[in-house]
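**Q** predicted model follows, preceded by the sequence.
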Amino acid sequence: MSLSLCKVRLQEERKQWRKDHPFGFYARPKKTADGTLDLTRWDAGIPGKSNSLWAEATYPVTITFSDEYPSKPPKVMFPPGFWHPNVYPSGTVCLSILNESQDWRPAITLKQIVLGIQELLTNPNPDSPAQEPAWKAFSKDRATYEKKVKEQAKKYANAT
Amino acid sequence: MSDEYDSYESDLSFEFEEEGYSSEETESQDSPGSNGSPASESTSPNALCKLTYRSFPMLSFIEENFIAKAQDLRSLFLPDFSVDQLLIMLQYKNWLKLEVLSDYYDNWPKFREACGLCEESGHERFKTVKDFMCPVCCESGDLQVFSLQCNHEYCSTCYRTYVETTALHGAIVRCIEPLCNLAVLHLDIVSLINMLPTGVSLTEELQKLDLKKNDETDGDEKEDSDTDLLSLESSETNRNDPSPFHVTADLYFDVFDFSKTLTSTDGLDHLNDVNPLLNSPALLQAARISVDSRFKKFSWCPALDCPSVVQLETFVNKTDSNQKQESRLSKVPIVACFKSHEFCFNCRFENHLPSPCWLAEKWIKKCSDDSETLNWLQAHTQGCPECLALIEKNGGCNHVVCRKCQYEFCWICFGPWSEHKSSFWQCNRFVPEEVKETELNKSKHLLSLSRYLHYYQRFAAHQISMAGDYKTLGTIHAHMLNYMKYTSFTERNSISWNDIQYLSDSYKGLCAGRKTLMWSYAFAFYLCPNNFSTIFESMQDFLNDTVEKLSQLLEQLKLMQPSKTLRVLIANKREKFVELTALVLQRRRMLIDCANSGIEKGDLVFLQTS
């Protein structure tokens, strides 16, 4: 039986993740209706960096891998309406390592992706805005921006 | 015999200007830094338009704009770098030599870092590593890996896929390792792409095949010629070495075989052999971007898969919105690509003379959108009075039941059928105003439709005929080929390509005539009828007449079978062909001149309706 390159690679990603992953993060493939694992769709959680506005919360994302993975990057989505300058209104994350024509390389691992997104949370990139409200607040009205971020952190606060 | 071969050859070099120029180009490339312009300037096929341009194959574009620049830099300023490295620097700086130099002298380590170049050399790219696991495909075992000087090893299959996908972005291809900035040089890209599963490069393999073939042909040549002769109808003598015919025949066929689909790289294989850099898909993509981004000066040939580029030498103002109705034909920038496809640089469509650009655009839109379908529907159908579904009555009585909403109505008065039951045929009563309106409306639509169809049918007929002429010429060539093969073995004074050169010229003339006729119908469709439009139409008739005569003549030749008399026939027809072709071209010019002067003097007026 020969599995597709995409499946083989995703299995390996899962193996590596279970062996070792950064503290506070989680990532698991979604279950399909019949109870099997769908390796192309993952639920993951990204903790905000401690000592930042984003701390004390874990933000949920879904990661979708196409059949062309790893030639093409996966799509990472926050819940719709997520407050961040580089997240589209739909929730899609705008990040250079997730952009096929920018810095995506087939060897980028799941771990690197989630760490990259954690970094993006605290350090938004004002040069490539993806939504207007958060970007405007971030560049013009920092107080409102921070207030909103904190509100959002409370919403996604860790249960503990 | 040898005399004849000489004459074929000289004829060929005349015939194939583009081939000749390509070989010049490759020669000039041997001496680094010679940046002579390969394609000579041409003037617009539109005699009214003063426009000069150069046209050349895409690969020449790469050689001239990319490789020659790198060679220049190497020979004049930076001899320590390879052309390949300089190409990366140029690509990083958007192909601007001066910027490369200024950055180089300003801060070389920083520039080198940004380009992703490495000072080390001699790194072994392909290796086989034992017990290797590729981080991308997770394959493990004794794998062939590829790496740059940075030693980031990945299995060569994954590397190749990565390079192939990334090359399409047209930017510098970097090492596959995340965050590693080292550039993959174009020669490395080529060797990855050409790689066979075993790791032997394709070029090596091809070279081996070539050697083998040469060995074989030395011995088998005689047999080959024998079988060739057998295929001819009657073989009398047995002479050796028919190979010059194979060569000439194939090349000659190319002249008119422009419907042959070409991929972006082929058609110029002889160039590929010379410089492996030209095989790099990344360079090809960079060229595409470079041409597309300078669309005011450069254009692709819009013909299907034609790999040629046209570069304007004179600046053409693209028609602004405020002069949309620019009707002067002297403003139509017609150019011809190196495969002699004529097109308009402004609208990137085929040579549409005598129509001005705006008219051509309008006509194409009209032919492609379904406005005429609407016209037909309006003329032939009625909307159901209830649900408005369109209904065509193709028989039966006037009691119509709408298939969609089941509404019953009378086809004559559009009233509900229930009213008709008691007082039968009440709709026979004449109500003058109503009838007039609908009838008038309908006949107006019918008239406009038939007027459009009249011009469109003529436009399309010539388009179809052009394909027919092309087929006919193909058949004639096949005959000629057989005949020439045959006579070269039997007669001393056989015909040469020189003798039938006129056929190719006639075909070109015929096509030009038909193209102009096609667009003259589009032109006439938008013309206000007046005395001057009648003059234009009679000029059109003249051209039509001559074109048809020429086409007929070509058709007659097709019916001939290869025989000894063919040569006499060809010689006899020659005069007629040449004469008619000249006439077509002259009448074509007159038609265009007539349109032009009519527009400029204001004698020909366009209809203002859409």
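**A** Sure thing, it's come through.

**Q** beta partners for B:Val299?
**A** Actually, residue B:299 is Ser rather than Val. According to DSSP bridges, B:Val310 are recorded as the beta-bridge partners of B:Ser299.

**Q** and it, how close does it get to B:Lys331?
**A** From B:Ser299 over to B:Lys331 the distance is 17 Å, taken as CB to CB, to the nearest Å. To be clear about C-beta, it is placed using only N, CA and C from the backbone, and glycine gets the same treatment.

**Q** higher neighbour count, those two?
**A** Higher neighbour count among B:Ser299 and B:Lys331: B:Ser299, with 25 against 18, using other CB atoms under 10 Å in any protein chain shown.

**Q** please, which helix or strand holds the residue in chain B that chain A sits nearest to?
**A** For chain B, the nearest residue to chain A under the criterion CB to the nearest CB is B:Cys138, separated by 4.0 Å. B:Cys138 belongs to no helix or strand when assigned by DSSP states H and E.

**Q** before we move on, what about the one 5 residues further on?
**A** For B:Leu143, the enclosing helix or strand under DSSP H and E is strand B:140-146.

**Q** helix or strand right after that strand?
**A** Next along the chain from strand B:140-146, counting by DSSP H and E, comes strand B:154-155.

**Q** please, where are all the strands along chain A?
**A** Under the criterion DSSP state E, strands of chain A are mapped to A:26-31, A:37-47, A:58-64, A:75-77.

**Q** now those as a markdown table including mean neighbour count, mean pLDDT and distance to chain B?
**A** As requested, the strands of chain A are exported to a markdown table (neighbours: other CB atoms under 10 Å in any protein chain shown; pLDDT from 0 to 100; distance: least, CB to the nearest CB, whole Å):
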| stretch | mean neighbour count | mean pLDDT | distance to chain B |
| --- | --- | --- | --- |
| strand A:26-31 | 16 | 92 | 16 |
| strand A:37-47 | 19 | 93 | 13 |
| strand A:58-64 | 18 | 95 | 17 |
| strand A:75-77 | 18 | 94 | 16 |
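
**Q** any chance of those strands in a markdown table with distance to B:Ser60 as columns?
**A** As requested, these are exported to a markdown table (distance: least, CB to CB, whole Å):
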| stretch | distance to B:Ser60 |
| --- | --- |
| strand A:26-31 | 52 |
| strand A:37-47 | 46 |
| strand A:58-64 | 44 |
| strand A:75-77 | 41 |
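
**Q** if we can go back for a sec, now the strand holding B:Leu143: how far from the chain's centre is it?
**A** The offset between the C-alpha centroid of strand B:140-146 and the centroid of the whole chain comes to 43 Å, using CA atoms, centre = their mean, to the nearest Å.

**Q** then stretch A:73-87?
**A** Remark: stretch A:73-87 is offset 7 Å from the chain centroid, using CA atoms, centre = their mean.

**Q** what is the end-to-end distance of it?
**A** When the termini of stretch A:73-87 are compared using CA to CA, to the nearest Å, they are 16 Å apart.

**Q** can you check stretch B:127-138 too?
**A** As for stretch B:127-138, its first-to-last residue distance stands at 18 Å under the measure CA to CA.

**Q** residues of it that come out buried?
**A** Buried residues in stretch B:127-138, counted by 16 or more other CB atoms under 10 Å in any protein chain shown: B:Lys127, B:Phe132, B:Cys134, B:Pro135, B:Val136, B:Cys137, B:Cys138.

**Q** nearest to B:Glu99, of these?
**A** Lowest distance from B:Glu99 to the buried residues of stretch B:127-138 (CB to CB) belongs to B:Val136, with 34.9 Å.

**Q** gap between B:Leu78 and B:Ile88?
**A** Taking CB to CB as the measure, B:Leu78 falls 12 Å from B:Ile88.

**Q** neighbour-wise, which of those two wins?
**A** B:Ile88 (23 against 17).

**Q** contacting residues around that one?
**A** Taking CB atoms under 8 Å, 6 or more residues apart in numbering or on different chains, we find B:Ile88 in contact with B:Cys115, B:Gly116, B:Leu117, B:Ile172, B:Ala183, B:Leu185, B:His186.

**Q** mark out where each domain of chain B begins and ends.
**A** For chain B, the domain assignment from automatic domain parsing gives the residue ranges B:2-85+B:274-351, B:118-182+B:184-214, B:371-436, B:446-601.

**Q** picking that back up, check contacts around the residue of chain B closest to chain A.
**A** With contacts taken as CB under 8 Å, 6+ apart, B:Cys138 has the following neighbours: A:Val8, A:Arg9, A:Gln11, A:Glu12.

**Q** for B:His169, report the pLDDT, please.
**A** Turning to B:His169, the model gives it a pLDDT of 84.

**Q** correct me, but it touches B:Gln285?
**A** Yes - taking contacts as CB atoms under 8 Å, B:His169 lies within contact range of B:Gln285: 7.2 Å.

**Q** out of the contacts of B:Ile88, the closest to B:Leu607 would be?
**A** Within the contacts of B:Ile88, distances to B:Leu607 taken as CB to CB reach their minimum at B:Ile172, with 54.0 Å.

**Q** if we can go back for a sec, which of the strands of chain A sits closest to B:Thr516?
**A** strand A:75-77 (53.0 Å).

**Q** give me the neighbour count for B:Phe542.
**A** That count, for B:Phe542 with other CB under 10 Å as the rule, works out to 15.

**Q** helix/strand/coil for it?
**A** Using DSSP: H, G, I helix; E, B strand; the rest coil, the three-state assignment for B:Phe542 comes out as helix.

**Q** which residue is the nearest non-sequential neighbour of it?
**A** Taking CB to CB, 6 or more residues apart in numbering or on different chains, and ignoring the residues beside it in sequence, B:Phe542 has B:Arg587 as its nearest neighbour in space, at 5.2 Å.

**Q** count the neighbours of the one you found for me.
**A** 22.

**Q** swap in B:Ile599?
**A** Other residues within reach of B:Ile599 by the criterion other CB under 10 Å amount to 19.

**Q** where does chain A have low pLDDT?
**A** Counting by pLDDT under 70, the ranges of chain A that qualify are A:1-3, A:159-160.

**Q** show me what from it comes close to chain B.
**A** Along chain A, the residues adjacent to chain B under the rule CB under 8 Å from any CB of the partner chain are A:5, A:8-9, A:11-12, A:70-72, A:97, A:100-101, A:103, A:105-109, A:112.

**Q** go with 6 Å
**A** By CB under 6 Å from any CB of the partner chain, the residues of chain A that approach chain B are A:Leu5, A:Val8, A:Arg9, A:Glu12, A:Pro70, A:Ser71, A:Ser101, A:Arg105, A:Pro106, A:Ala107, A:Ile108.

**Q** now the helix or strand encompassing the residue nearest to B:Phe542, how far from the chain's geometric center?
**A** Using DSSP H and E, B:Arg587 sits within helix B:566-601. Using CA atoms, centre = their mean, we find the averaged C-alpha position of helix B:566-601 to lie 25 Å away from the chain's own average C-alpha position.

**Q** ok, now stretch B:306-314?
**A** Stretch B:306-314 sits 12 Å away from the centroid of its parent chain (CA atoms, centre = their mean).

**Q** first vs last residue of that stretch, how far apart are they?
**A** Terminal residues of stretch B:306-314 are spaced 23 Å apart (CA to CA).
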